[in-house]
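[1] could you work out the structure for the sequence below:
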Amino acid sequence: MLLRLRNTLIRFMAGRYGMDSFGRFLMGLYLGLWVLSLFFPRGLTEFILSMATTAVLVVLVWRMLSRNIPRRQAENQWFLRWWYPTADWLRRQKDRLRDIRRCRYRRCPHCKAWLRLPIKRGRRTVTCARCRTLFKAFFL
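    Sure thing, here's the model as predicted:
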(Lines give C-alpha, C1' and ligand atoms only; values in the text may rest on other atoms or scores of the structure.)
Protein backbone atom coordinates (compact mmCIF):
# COMPACT_ATOMS: atom_id res chain seq x y z
CA MET A 1 0.00 0.00 0.00
CA LEU A 2 2.69 2.50 1.00
CA LEU A 3 4.89 1.42 -1.90
CA ARG A 4 2.04 2.06 -4.35
CA LEU A 5 1.41 5.50 -2.83
CA ARG A 6 5.12 6.30 -3.02
CA ASN A 7 5.33 5.29 -6.67
CA THR A 8 2.23 7.35 -7.47
CA LEU A 9 3.80 10.40 -5.82
CA ILE A 10 7.07 9.84 -7.71
CA ARG A 11 5.21 9.68 -11.02
CA PHE A 12 3.24 12.83 -10.16
CA MET A 13 6.39 14.81 -9.28
CA ALA A 14 8.32 13.70 -12.39
CA GLY A 15 9.14 16.77 -14.47
CA ARG A 16 8.18 19.18 -11.68
CA TYR A 17 10.57 21.59 -9.99
CA GLY A 18 10.46 20.48 -6.34
CA MET A 19 12.31 22.14 -3.45
CA ASP A 20 15.35 24.43 -3.66
CA SER A 21 17.01 27.10 -1.48
CA PHE A 22 14.30 29.66 -2.13
CA GLY A 23 11.68 27.03 -1.30
CA ARG A 24 13.39 26.25 2.01
CA PHE A 25 13.46 29.98 2.79
CA LEU A 26 9.74 30.25 1.97
CA MET A 27 9.03 27.23 4.18
CA GLY A 28 10.89 28.86 7.09
CA LEU A 29 9.05 32.14 6.45
CA TYR A 30 5.74 30.28 6.41
CA LEU A 31 6.49 28.53 9.72
CA GLY A 32 7.68 31.79 11.31
CA LEU A 33 4.55 33.66 10.24
CA TRP A 34 2.39 30.78 11.41
CA VAL A 35 4.00 30.76 14.88
CA LEU A 36 3.72 34.55 15.04
CA SER A 37 0.02 34.35 14.18
CA LEU A 38 -0.53 32.13 17.24
CA PHE A 39 0.27 35.11 19.48
CA PHE A 40 -2.45 37.29 17.88
CA PRO A 41 -5.69 35.26 18.11
CA ARG A 42 -8.14 38.02 17.12
CA GLY A 43 -8.30 41.28 15.25
CA LEU A 44 -6.73 42.90 12.24
CA THR A 45 -3.21 41.66 13.00
CA GLU A 46 -4.41 38.05 12.97
CA PHE A 47 -6.16 38.62 9.64
CA ILE A 48 -3.07 40.19 8.05
CA LEU A 49 -0.80 37.41 9.36
CA SER A 50 -3.17 34.69 8.16
CA MET A 51 -3.34 36.27 4.68
CA ALA A 52 0.47 36.56 4.53
CA THR A 53 0.85 32.97 5.72
CA THR A 54 -1.60 31.74 3.09
CA ALA A 55 0.11 33.75 0.33
CA VAL A 56 3.55 32.35 1.24
CA LEU A 57 2.13 28.80 1.30
CA VAL A 58 0.47 29.25 -2.10
CA VAL A 59 3.70 30.56 -3.65
CA LEU A 60 5.67 27.69 -2.07
CA VAL A 61 3.35 24.98 -3.39
CA TRP A 62 3.06 26.68 -6.79
CA ARG A 63 6.86 26.78 -7.15
CA MET A 64 7.23 23.14 -6.08
CA LEU A 65 4.63 21.87 -8.54
CA SER A 66 5.72 24.09 -11.43
CA ARG A 67 6.93 22.54 -14.67
CA ASN A 68 8.64 25.75 -15.84
CA ILE A 69 12.04 24.69 -14.51
CA PRO A 70 14.21 27.41 -16.16
CA ARG A 71 12.02 30.15 -14.68
CA ARG A 72 12.16 28.59 -11.18
CA GLN A 73 15.95 28.23 -11.46
CA ALA A 74 16.22 31.92 -12.40
CA GLU A 75 14.13 32.83 -9.34
CA ASN A 76 16.37 30.70 -7.15
CA GLN A 77 19.51 32.37 -8.57
CA TRP A 78 18.01 35.79 -7.89
CA PHE A 79 17.28 34.72 -4.31
CA LEU A 80 20.80 33.34 -3.79
CA ARG A 81 22.36 36.59 -5.05
CA TRP A 82 20.47 38.32 -2.24
CA TRP A 83 20.79 35.56 0.37
CA TYR A 84 24.55 34.86 0.35
CA PRO A 85 25.60 38.40 1.39
CA THR A 86 22.80 38.51 3.96
CA ALA A 87 23.74 35.14 5.46
CA ASP A 88 27.41 36.17 5.51
CA TRP A 89 26.53 39.38 7.35
CA LEU A 90 24.40 37.46 9.87
CA ARG A 91 27.22 34.96 10.44
CA ARG A 92 29.70 37.82 11.06
CA GLN A 93 27.34 39.42 13.57
CA LYS A 94 26.97 36.10 15.39
CA ASP A 95 30.77 35.74 15.53
CA ARG A 96 31.15 39.29 16.83
CA LEU A 97 28.63 38.62 19.57
CA ARG A 98 30.40 35.40 20.53
CA ASP A 99 33.82 37.16 20.67
CA ILE A 100 32.67 40.34 22.41
CA ARG A 101 34.76 39.70 25.53
CA ARG A 102 37.88 38.49 23.74
CA CYS A 103 38.25 40.40 20.47
CA ARG A 104 37.42 43.56 18.60
CA TYR A 105 36.87 43.82 14.87
CA ARG A 106 38.45 46.60 12.83
CA ARG A 107 38.48 47.22 9.10
CA CYS A 108 41.75 47.76 7.23
CA PRO A 109 41.69 51.26 5.70
CA HIS A 110 43.61 50.07 2.63
CA CYS A 111 42.04 46.76 1.53
CA LYS A 112 38.80 46.94 3.61
CA ALA A 113 39.35 43.46 5.10
CA TRP A 114 37.86 42.75 8.53
CA LEU A 115 40.54 42.05 11.15
CA ARG A 116 39.86 40.22 14.39
CA LEU A 117 42.13 41.76 17.03
CA PRO A 118 42.65 40.79 20.66
CA ILE A 119 41.61 43.37 23.22
CA LYS A 120 44.55 45.36 24.57
CA ARG A 121 43.57 48.80 25.81
CA GLY A 122 45.08 51.92 24.32
CA ARG A 123 46.43 52.94 20.94
CA ARG A 124 48.20 50.22 18.97
CA THR A 125 49.77 49.81 15.58
CA VAL A 126 48.12 46.97 13.67
CA THR A 127 49.41 45.14 10.59
CA CYS A 128 46.79 43.91 8.14
CA ALA A 129 47.23 40.20 7.46
CA ARG A 130 46.04 40.52 3.87
CA CYS A 131 47.86 43.58 2.49
CA ARG A 132 50.53 44.17 5.20
CA THR A 133 49.46 47.80 5.70
CA LEU A 134 50.27 49.38 9.06
CA PHE A 135 47.58 51.50 10.72
CA LYS A 136 46.72 52.73 14.19
CA ALA A 137 43.75 51.37 16.17
CA PHE A 138 42.37 52.63 19.47
CA PHE A 139 40.73 50.32 22.01
CA LEU A 140 38.88 51.43 25.15
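[2] from memory Pro109 sits against Phe135, does it?
    Yes - taking CB atoms under 8 Å as the definition, Pro109 is a contact partner of Phe135 at 5.5 Å. No exception for glycine: its C-beta is placed from N, CA and C like everyone else's.
[3] what about these two, which has more around it?
    Legend: neighbour count by other CB atoms under 10 Å for Pro109 and Phe135, higher for Phe135 (15 against 10).
[4] what about the strand or helix carrying Lys94, distance to the chain center?
    Using DSSP states H and E, Lys94 sits in helix 69-98. Its chain's C-alpha centre and that of helix 69-98 lie 5 Å apart, by CA atoms, centre = their mean, to the nearest Å.
[5] skip ahead from that helix and say which helix or strand is next.
    As assigned by DSSP H and E, the chain's next helix or strand after helix 69-98 is strand 103-107.
[6] list the buried ones in that following strand?
    Arg104, Arg106 (16 or more other CB atoms under 10 Å).
[7] now do the helix holding Lys94 against strand 103-107, angle only.
    Going by axes from the mean of the first three to the mean of the last three CA atoms, to 10 degrees, helix 69-98 is angled at 130 degrees with respect to strand 103-107.
[8] many thanks, I have nothing further to ask.
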